[in-house]
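> The following comprises the amino acid sequence and a computationally predicted model.
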Amino acid sequence: MTSAFRPAKGLLAQLTLLRVECSGPVVHLRLNRPDKRNAINGTLVRELQTAFANLPSDARAAVISGEGAHFCAGLDLSEVTEQSVAEGIFHSRLWHAAFDQIQYGPVPLIAVLHGAVVGGGLELAATAHLRVAEASAFYGLPEGQRGIFVGGSGSARIPRLIGVARMTDMMLTGRVFDAAEGQAAGLSNYLVADGEGLTRAMALAHKVATNAPLSNYAITQALPRIAEMAPAEGLFVESLMSAIAQGDEAAKKRVRDFLAKRAGKVGKSS
Ligand code: 1HE
């Protein structure tokens, strides 16, 4: 299943606040600023954008995690105190560009959440296609208490996971969800014991990496877009995407394998 990690090469090896390693077809990116609880400053947000724009061509899935006791403490607050309104808009748009690069990048991404997953850290987690939470994870949106607002795409992505009502509660009252509450609300797909998140995420990523790349692309790119469309347009796009995926040789082979009883049945390993 999971092979050993080896350091990434080229541009990915030069990043300073992100540590990038590869394990077969899975790229592991680790936020590497534990002394600041992986708070996201300008360098880190640019490195995230660079990393996801330059994943190795043979990557088929990715995992993101945080070094130290917390996944991510959100925006580096020390960088915003002197910002003008215009700078604030450009700053937020930089996050949007980076986070779009992540969500609409070439491979499915699984986030490993532990400790603080707050503010921009929760916005980052919401860009992932799957989330594995450890028991220590807690979720907060302290923007309301800091006198600011989400600026890293949280208002678009987080309600799609937990609904506007829960997000409003978190922002107005400072309500924090623990790992079990987050799982029940839809913030995580999997809840595991402390220390087991990376292993579970890597196992899931290796599994996801065995899917046909075009299928994974349709799931991560077409599905969220279709969900935003009016049903008539969405169904039209679904037909196109479905026919494109089905026409791919990888799909034909997999279907032939099933019919010839060479592929696993649903719920049983192949
Ligand atoms: C930081 C940040 C940060 C820690 N920006 N420096 N995010 C927040 O409002 C969360 C603020 N952070 C916390 O509530 C706590 O730090 C934690 C619960 C995450 C962790 O607590 P703890 O006790 O483990 O660490 P600590 O002692 O609070 O922090 C260690 C250091 O990290 C300390 O710096 P030091 O120089 O005194 O050692 C902290 O100042 C620093 N640190 N979090 C800057 N966020 C695109 S818009 C997004 C808007 C938002 O994300 S708003 C939410 C911001």
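Right, received. Where do you want to start?
> How far does stretch 191-202 sit from its chain's centre?
On the basis of Cα atoms, centre = their mean, to the nearest Å, stretch 191-202 sits 15 Å off its chain's mean C-alpha point.
> Start and end of it, how far apart?
14 Å (Cα to Cα, to the nearest Å).
> Remind me what the longest helix along the chain packs against, helices and strands.
For the chain, the longest helix by residue count, based on DSSP state H, is helix 85-103. Helix 85-103 sits against helix 42-53, helix 120-127, with contacts defined as 3 or more Cβ pairs under 8 Å, 6 or more residues apart in numbering; DSSP states H and E. Bear in mind the C-beta positions are built from the backbone N, C-alpha and C, glycine included.
> Return the set of buried residues in the first one.
When burial is assessed from 16 or more other Cβ atoms under 10 Å, helix 42-53 yields the following buried residues: Leu44, Val45, Arg46, Glu47, Leu48, Gln49, Thr50, Ala51, Phe52.
> repeat for stretch 164-179
Judged by neighbour count (16+ other Cβ under 10 Å), stretch 164-179 contains these buried residues: Arg166, Met167, Met170, Met171, Phe177, Ala179.
> From those, pick the one nearest Gly66.
Comparing those against Gly66 with Cβ to Cβ places Ala179 closest, at 14.7 Å.
> In contact with the spatially closest residue to Ser215 that is not a sequence neighbour: list those residues for me.
Sequence neighbours aside, Ala245 is the residue nearest to Ser215 in space, at 5.7 Å (criterion: Cβ to Cβ, 6 or more residues apart in numbering). Shown in contact with Ala245 (Cβ atoms under 8 Å, 6 or more residues apart in numbering): Ala212, Leu214, Ser215, Ala218, Ala251.
> Touching, Gln101 and Arg46? I think so.
No. Using Cβ atoms under 8 Å, Gln101 is not in contact with Arg46, being 10.6 Å away.
> wait, which of the buried residues of helix 42-53 is closest to Asp76?
With Cβ to Cβ as the yardstick, the closest approach to Asp76 among those comes from Leu44, at 7.8 Å.
> so what's the closest one up against?
Leu44 neighbours (Cβ under 8 Å, 6+ apart): Leu17, Leu18, Leu31, Arg33, Asn38, Asp76.
> returning to what we had before: the residue nearest to Ser215: which element?
In this structure, Ala245 sits in helix 231-247 according to DSSP states H and E.
> tell me what the next helix or strand after that helix is packed against?
Counting by DSSP H and E, the element after helix 231-247 in chain order, helix or strand, is helix 249-259. The contact analysis (3+ Cβ pairs under 8 Å, 6+ apart) places helix 249-259 against helix 213-217.
> Give me the contact list for the helix it packs on.
Outside helix 213-217, the residues touching it (Cβ under 8 Å, 6+ apart) are Arg60, Ala61, Pro106, Val107, Pro108, Val208, Ile244, Ala245, Asp248, Ala250, Ala251.
> Since that was my last question, I'll sign off now.
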